[in-house]
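Chemist: Here's a sequence, model it:
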Amino acid sequence: MILHVYFARRFLTSFLVLTLVLFSLVALIDLVDQAGDFSDLDVSFGRIVGLTLLKAPETVNEILPLIMILATIVLFVGLARSSELVATRAAGRSALRALIAPVVVALLIGGLAVTMLNPIVAGTSKRYSELSESYRTGGASTLSISGEGLWLRQGGADGQTVIRAWRSNADASTLYDVTFLSYAPGGGPVQRIAAESATLEAGGWVLSNVKLWPLQAGTNAEANAEYHTEYTIPTTLTLDRIRDSFGRPSAISIWSLPEFIAQLDQAGFSSRQHRVWFQSELARPLFLMSMVLVASAFTMRHTRFGGTGISVLAAVLLGFGLYFIRSFAQILGENGQIPIYLAAWAPPVAAVLLALGLLLHAEDG
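Modeler: Numbers count the residues shown, from 1 in each chain. Alright, predicted model coming up:
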């Protein structure tokens with residue numbers, strides 16, 4: 001038990017140090033990118049630093065498998081150079097038993113990443129999107145989905161416009177039974193528009209069967225209402241920006257994701273991408289465990305045998321390959337090419353089995 005605690009402490013220390021180093025590196029690189037992106041806008045350096053700190057957790061969350069591989073390599077290469085690994089095997093501990101502590105720590109880190117880091121990343125990435133959009137256009141464009149339909153807000157120099165629709169087509173390009181409520185900059189509502197449908201085209205919303213009410217003070221809105229067969233409302237929104245407002249599953253806490261998926265289905269959107277993401281997040285601890293097993297399969301050897309650098313490189317490359325296969329499987333699942341559970345759970349399970357095969361081959365031949 002003492003040996004397990006020792007290995008777990010060494011592995012956790014390596015993981016935390018690497019996380020801190022990579023977080024600093026990612027933040028520094030992103031700070032330079034943010035400064036370049038907002039160089040033409042009147043955005044202070046303090047705000048750019050704030051955006052960088054909001055975006056960095058999402059990047060670190062994405063490279064968590066790489067950190068797990070590097071932490072495992074640091075652990076076992078260090079144990080091999082100090083001959084502690086040799087002493088462990090001489091004491092009768094097999095490779096699989098020596099891996100119990102790192103694997104348990106990896107599973108705990110994976111569980112914390114799903115239950116705690118995921119909501120933090122969801123909150124910071126959502127706040128980052130809102131602030132960056134506000135700095136660029138002067139108003140955030142956000143979308144909210146509830147049991148009362150979907151709500152979309154677009155901003156610009158002319159003020160804010162709140163859009164509510166009862167349902168939409170699958171790709172959010174057409175809204176049905178839709179209402180537009182326009183607000184003056186820093187003031188109250190100035191116009192209300194109701195339409196049977198609204199289709200997003202280049203540069204504007206194209207509305208059909210429209211009724212328009214002016215809402216200026218002292219005006220009889222109903223008496224001055226206008227009817228149009230077709231009406232166009234300018235907008236800076238694009239389909240990609242609308243999808244980013246609600247379509248990025250990483251911007252939604254895993255605790256809120258099941259309810260959000262139900263609301264997407266009710267509103268008429270496709271929730272397949274969110275379902276795949278939800279299952280992939282649940283499978284993340286298993287995938288992080290597989291990264292530990294893969295890295296250990298190449299580094300649990302004494303350094304005097306030579307080839308340590310090649311083994312480390314092979315472990316990193318195999319880890320990248322498994323990560324690519326996992327991402328590719330998720331894309332296939334989102335596109336409906338393979339079942340959702342297969343897309344989310346097959347890569348982690350296959351990675352674990354592959355790593356165990358390599359370990360058993362190296363241990364028993």
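Chemist: and the longest helix for the chain?
Modeler: Ranked by number of residues, the top helix in the chain under DSSP state H is helix 2-37.
Chemist: how far is that helix from where the chain is centred?
Modeler: The chain centroid and the centroid of helix 2-37 are separated by 19 Å under C-alpha atoms, centre = their mean, to the nearest Å.
Chemist: buried residues in the helix or strand just after that helix?
Modeler: Using DSSP states H and E, the helix or strand that follows helix 2-37 in sequence is helix 45-62. By neighbour count on 16 or more other C-beta atoms under 10 Å, the buried set for helix 45-62 is 47-48, 50-52, 54-61. Where C-beta positions appear, they are placed from N, C-alpha and C, glycine not excepted.
Chemist: Please identify which of the residues you listed is nearest to Thr72.
Modeler: Distances from Thr72 to the buried residues of helix 45-62, taken as C-beta to C-beta, are shortest for Val60 (17.5 Å).
Chemist: Please tell me how far the nearest residue to the closest one once chain neighbours are set aside sits from Met291.
Modeler: Leaving aside its sequence neighbours, Val60 sits nearest to Phe23 (C-beta to C-beta, 6 or more residues apart in numbering; 5.2 Å). Noted for Phe23: a distance of 18 Å to Met291, by C-beta to C-beta, to the nearest Å.
Chemist: Need the buried residues of helix 45-62 in a markdown table (columns: distance to Thr235).
Modeler: Below are the buried residues of helix 45-62 laid out as a markdown table (distance: C-beta to C-beta, whole Å):
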| residue | distance to Thr235 |
| --- | --- |
| Arg47 | 26 |
| Ile48 | 27 |
| Gly50 | 28 |
| Leu51 | 24 |
| Thr52 | 29 |
| Leu54 | 26 |
| Lys55 | 26 |
| Ala56 | 31 |
| Pro57 | 31 |
| Glu58 | 27 |
| Thr59 | 30 |
| Val60 | 34 |
| Asn61 | 32 |
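Chemist: ranges for the strands of the protein?
Modeler: Remark: strands assigned in the chain by DSSP state E are 142-146, 149-156, 159-168, 174-183, 189-201, 204-214, 226-234.
Chemist: Can you lay out the ones you listed as a markdown table showing mean pLDDT?
Modeler: Output for the strands of the chain, formatted as a markdown table (pLDDT from 0 to 100):
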| stretch | mean pLDDT |
| --- | --- |
| strand 142-146 | 58 |
| strand 149-156 | 72 |
| strand 159-168 | 80 |
| strand 174-183 | 86 |
| strand 189-201 | 87 |
| strand 204-214 | 88 |
| strand 226-234 | 87 |
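Chemist: Present those strands as TSV; the columns should include mean neighbour count.
Modeler: Below are the strands of the chain laid out as TSV (neighbours: other C-beta atoms under 10 Å):
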stretch	mean neighbour count
strand 142-146	16
strand 149-156	21
strand 159-168	19
strand 174-183	20
strand 189-201	18
strand 204-214	18
strand 226-234	13
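Chemist: just so I know, which of those lies nearest Leu358?
Modeler: Of all these, it is strand 142-146 that lies closest to Leu358, at 45.1 Å by C-beta to C-beta.
Chemist: Show me which of Phe23 and Met291 is the more surrounded one.
Modeler: Higher neighbour count among Phe23 and Met291: Met291, with 29 against 16, using other C-beta atoms under 10 Å.
Chemist: what about Ala329, how many neighbours?
Modeler: Ala329 is flanked by 22 other residues according to other C-beta under 10 Å.
Chemist: The closest residue to it other than its chain neighbours and Gln337, how far apart?
Modeler: Using C-beta to C-beta, 6+ apart and skipping residues adjacent in sequence, the residue nearest Ala329 is Ala343, 4.7 Å away. From Ala343 across to Gln337, the span is 8 Å (C-beta to C-beta).
Chemist: Can you pick out the residue with more neighbours from those two?
Modeler: Neighbours were tallied for Ala343 and for Gln337 using other C-beta under 10 Å; the higher tally belongs to Ala343 (26 against 11).
Chemist: The more buried one contacts Phe328, correct?
Modeler: No. Applying C-beta atoms under 8 Å as the test, Ala343 and Phe328 come out as separate, 9.3 Å apart.
Chemist: Poorly predicted segments of this structure, please.
Modeler: Filtered on pLDDT under 70, the chain yields the residue ranges 86, 90-95, 137-149, 155-157, 170-172, 240-247, 266-269, 301-306, 363-365.
Chemist: so what's the residue nearest in space to the middle of it up against?
Modeler: Taking C-alpha atoms, centre = their mean, the centroid of the chain lies closest to Ser250, which sits 3.0 Å from it. Each residue near Ser250 by C-beta atoms under 8 Å, 6 or more residues apart in numbering is listed here: Glu58, Asn61, Val121, Ala122, Ser125, Trp277.
Chemist: Buried by neighbour count: which residues of stretch 2-19 qualify?
Modeler: Leu3, His4, Phe7, Ala8, Arg10, Phe11, Leu12, Ser14, Phe15, Leu18, Thr19.
Chemist: Next up, the contacts around the fifth one.
Modeler: Translated: Arg10. Applying C-beta under 8 Å, 6+ apart to Arg10 gives the contacts Leu75, Gly78, Leu79.
Chemist: again, but for the second one
Modeler: Taking C-beta under 8 Å, 6+ apart, we find His4 in contact with Ile100, Ala101.
Chemist: repeat that with 10 Å
Modeler: Under the criterion of C-beta atoms under 10 Å, 6 or more residues apart in numbering, the neighbours of His4 are Arg93, Arg97, Ala98, Ile100, Ala101, Pro102, Val104, Val105.
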